[in-house]
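S.K.: Take this sequence and fold it.
(2 chains)
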Number of protein chains: 2
Amino acid sequence: MTKRSDQIKLGAFLLFTGHHVAAWRHKDASIGVHFENYIELARLAEAAKFDTIFFADGVGVRLKDIDAASRKAHSGVYPFEPITLLSALSAVTKNIGLIATASTSYSDPFNLARQFSSLDHLSGGRAGWNLVTSSDPDAAFNFGHEAHILHADRYDRAEEFADVVLGLWDSWEDDAFPRDREAGVYFDKNKLHILDHKGKHFKVRGPLNTPRTPQGHPVVVQAGASEPGKELAARTAEAIFAAQITLDEAVGFYADVKGRMAKYGRDPDELKIMPGIFPVVAPSQAEAEDKFAQLQDLIQPIVGLNMLAGLSGGIDLSQYDIDGPLPDVPETNAGKSRQSLLLDLARRENLTIRQLYLRIAGARGHWQVVGTPSHIADQLEERFEARGADGFNIMAPIMPGGLKDFIDLVVPELRRRGLFRTEYEGTTLRENLGLKRPANRFANPAKAAE
Amino acid sequence: MTKRSDQIKLGAFLLFTGHHVAAWRHKDASIGVHFENYIELARLAEAAKFDTIFFADGVGVRLKDIDAASRKAHSGVYPFEPITLLSALSAVTKNIGLIATASTSYSDPFNLARQFSSLDHLSGGRAGWNLVTSSDPDAAFNFGHEAHILHADRYDRAEEFADVVLGLWDSWEDDAFPRDREAGVYFDKNKLHILDHKGKHFKVRGPLNTPRTPQGHPVVVQAGASEPGKELAARTAEAIFAAQITLDEAVGFYADVKGRMAKYGRDPDELKIMPGIFPVVAPSQAEAEDKFAQLQDLIQPIVGLNMLAGLSGGIDLSQYDIDGPLPDVPETNAGKSRQSLLLDLARRENLTIRQLYLRIAGARGHWQVVGTPSHIADQLEERFEARGADGFNIMAPIMPGGLKDFIDLVVPELRRRGLFRTEYEGTTLRENLGLKRPANRFANPAKAAE
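M.R.: Numbering: from 1, shown residues only, chains lettered A, B, ... in the order given. Model (predicted):
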């Protein structure tokens, strides 16, 4: 395989106190409840020439597990909502992309299209929308539903939701607003297009009441890895925050999703795949391991057991000796394959219950690399060159320290290898990610008929 | 009547190029499509110690009148959406209140409660929500409706919507988040309250997934003047952006709304009434009139006729000589009283069609005062002392010049009279408006039962 001529893209996935499940308990972690904390993180990432900062989101607090939730910072209660937070950050940054998560199951397409359009205008073309369908079972109850919405139904709605939003973003041609004072023409009504969408889930006339945005439209980001998730991404996504752990899985996912794009008339380069990585970095391997151990020591048993239950499809191990062996547990209905993987791991390595949750709780199931700057750079380079990634979403274990470590130690190593930029290529998120500015579907009738 | 011991509150109603319908055509007006324009306006208002900046909003473009709409900057197309815009402005201001308009007819209560909560956190307690039901008939078509929602139905939903939002804002007690690293307790589950709202329009379990805000909750603002509008305001509003034109109307409205509060157990001081005023100010009366005439000359006939039609309930005068007398026109069904007022005015003063629209189009039907600083200060003082207003929402004819004029010429005059502050009283919008921080309804069971 030939060496790639492009460079690695980097996103900073900002989860206030840090991605380690116990980060908030560490004395060096910011508690992350002040806006100033986020200015600091955004400016750190921008000074390092990261492509984006990114915020995940959820719209429900997990009441079933409230005892464990009350002992975590990652309990579904956020200090800020992502669209408002990124709007505020747009005013104190200049180059970095701003990607907010918003749900197709619990939002309205007109309002969502408009707010992301507004963020793109506010930031001069740096907005991205991470489209999620919200897997959290508690969210549905905050939006009039009697029960969680089924996966297939969520994706059915998401497909149509994406079409409506993308259509609304083309309501106005780029030059629809001459604002000609002399002639008295504010907008050109011939460059206004009425979507008139009538579908199974939505009826939306349009037009959107914001002009077309600096990027044409905000960058569309997704994270789903299910069959319908991959299909929606192949059709509409321009970036994917992937979650595969091994190199093989990553390469397989990359080829799978990019391979689906041709049938939608899309070039594989129109989509950037950026897996998450949880890096614990220090000048020496021993220091890195010590840093990680400090965080691991802060995991409370109730939190660890709750995460084991979450990742295993509901096995409750709280009645057993935490420092004893895993008991024989019955298979549950949900998530059988993940459950078997966990049980196999415990049996193979003869792990106690505590050892098992420590293995999976820290990075919350994500790809975790603990080591020196060159070791981490090796891992990133390998995955990038093997076409398992176009870039990475950096999930610092602790904020701001873990992000600083990555920037101070790993980024220079990537630059020495010619793998990461020293200056932004452009002023918009699209320009930096290497994505084309989309043409307005209505501007040219031949194009619209495609 | 005794002289008031409190001072006038001032809001800057920022309508990008200015409130005069033709402001955007004036060479001194900012076209208002760059975020920098709004930073300038917000900082101007903050340096002058205004209580708030405020943005109106709509969620539909008036397609029926598209020819006239295309020649106005006030056509329902906004450069930015208010919640995102004010979030961005929160990062570059420090003291001024930030009031965004959002619709109860076309928003979701959980998402709205959360975004305003987030804005209050981001700004350190400066957020306000201007609750509107959206009278614009075109909005409904963007949200799945077949026709405009009836006024009574909109208010029925608004009443319940306000209850849900206010309830969600009390999901967490003020001290629900000890974030105790040593004990490992992030939140105290006993200080979490589940709303479990089940009503005619909404079913919302809660809790909201943001902590209680610096102000307890964002300041609730309203503008409706109909019967159900006044009742909703008396029950829930903490500020009203009123629109009465004459002193008598203002005093009547003030007494009416404040008089309704007792039955909801509220003190009249818990609600600040702030009428809009469109001030054209200059050192001399002649200069002020000249300034106004310059703007009036920019009104295009198609725009003036369209505004006449809008304010008269649909009379189409485009077939008549614009410089001739008003023809006999049949009464329409809608807005009979406003229609007769206009017809009477034209007949009484023997106005041509053009003269008639010039009388009402410039300030778009709002209270308009053209004159010297002391004349304008007299008007404000009179209305304040007569208990027709607790403050005013300044609708500068042109931005930024008209706002600067008011600040440079009228504000010093108000200060000389002891009617306006020289320093902010507090750091939150509530503190500056003189509003109490509300207690959490769930924090004390005795209180909750009220």
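
S.K.: can you tell me the helix or strand for residue A:374?
M.R.: Using DSSP states H and E, residue A:374 falls within helix A:373-385.

S.K.: now do residue A:46
M.R.: In this structure, residue A:46 is located in helix A:35-47 according to DSSP H and E.

S.K.: Tell me which residues are up against that helix.
M.R.: Helix A:35-47 is contacted by residues A:12, A:14, A:16, A:30-32, A:53, A:80, A:85, A:88-89, A:92-96, A:399-400, A:403-404, A:407, B:90-91, B:121-122, B:124 when judged by CB atoms under 8 Å, 6 or more residues apart in numbering or on different chains. C-beta here means a position set from N, CA and C on the backbone, and glycine is covered the same way.

S.K.: Could you list which of those belong to helices?
M.R.: A:85, A:88-89, A:403-404, B:90, B:121-122 (DSSP state H).

S.K.: mind listing what's buried in the helix holding residue A:374?
M.R.: A:373, A:375-377, A:379-381, A:383-384 (16 or more other CB atoms under 10 Å in any protein chain shown).

S.K.: Check stretch A:253-261 too.
M.R.: Buried residues in stretch A:253-261 (16+ other CB under 10 Å): A:253-254, A:257-258, A:260-261.

S.K.: again with stretch A:220-229
M.R.: Residues of stretch A:220-229 classed as buried by neighbour count (16+ other CB under 10 Å): A:220-225, A:228-229.

S.K.: Now that stretch - C-alpha only, CSV.
M.R.: What follows is stretch A:220-229, C-alpha atoms only, in CSV (Å, rounded to 0.1, in the frame of the first residue of the first chain):
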residue,chain,number,x,y,z
VAL,A,220,-22.4,16.7,8.8
VAL,A,221,-20.8,14.3,11.4
GLN,A,222,-22.0,10.9,12.6
ALA,A,223,-21.0,8.1,14.9
GLY,A,224,-23.3,5.2,14.5
ALA,A,225,-21.8,1.8,13.7
SER,A,226,-24.9,-0.2,13.2
GLU,A,227,-26.1,-1.3,9.7
PRO,A,228,-28.6,1.6,9.3
GLY,A,229,-26.0,3.9,10.9
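
S.K.: got the buried residues for whichever strand or helix holds residue A:291?
M.R.: Per DSSP H and E, residue A:291 falls inside helix A:285-296. In terms of neighbour count (16+ other CB under 10 Å), helix A:285-296 has its buried residues at A:288, A:291-292, A:294-296.

S.K.: Which neighbouring elements make contact with it?
M.R.: strand A:276-281, strand A:368-371 (3 or more CB pairs under 8 Å, 6 or more residues apart in numbering or on different chains; DSSP states H and E).

S.K.: Point out the most buried one among those.
M.R.: strand A:276-281 (a mean of 25; mean count of other CB atoms under 10 Å in any protein chain shown).

S.K.: Does anything pack onto that strand? Which helices or strands?
M.R.: If you count contacts as 3+ CB pairs under 8 Å, 6+ apart, strand A:276-281 packs onto helix A:285-296, strand A:368-371, helix A:373-385, strand A:391-394, helix A:401-405.

S.K.: quick one: the fourth one to chain centroid distance?
M.R.: Think strand A:391-394. 10 Å (CA atoms, centre = their mean, to the nearest Å).

S.K.: Test for you: state the pLDDT assigned to residue A:450.
M.R.: According to the prediction, residue A:450 has pLDDT 43.

S.K.: Let me fix that, I meant to ask about residue A:15.
M.R.: In this model, residue A:15 carries a pLDDT of 89.

S.K.: can stretch A:25-34 be found next to chain B?
M.R.: Yes. Stretch A:25-34 lies within reach of chain B by CB under 8 Å from any CB of the partner chain, at A:25-27, A:31, A:33.

S.K.: who wins for neighbours among these?
M.R.: Highest neighbour count within those: residue A:25, with 26 neighbours (other CB atoms under 10 Å in any protein chain shown).

S.K.: my read: that one touches residue B:181, true?
M.R.: Yes. With contact defined as CB atoms under 8 Å, residue A:25 counts as touching residue B:181 (4.6 Å).

S.K.: Does whatever residue of the stretch 301-450 of chain A ends up closest to chain B belong to a helix, a strand or coil?
M.R.: In the stretch 301-450 of chain A, the residue that lies nearest chain B is residue A:303 (8.1 Å; CB to the nearest CB). Secondary structure, DSSP: H, G, I helix; E, B strand; the rest coil: residue A:303 is helix.
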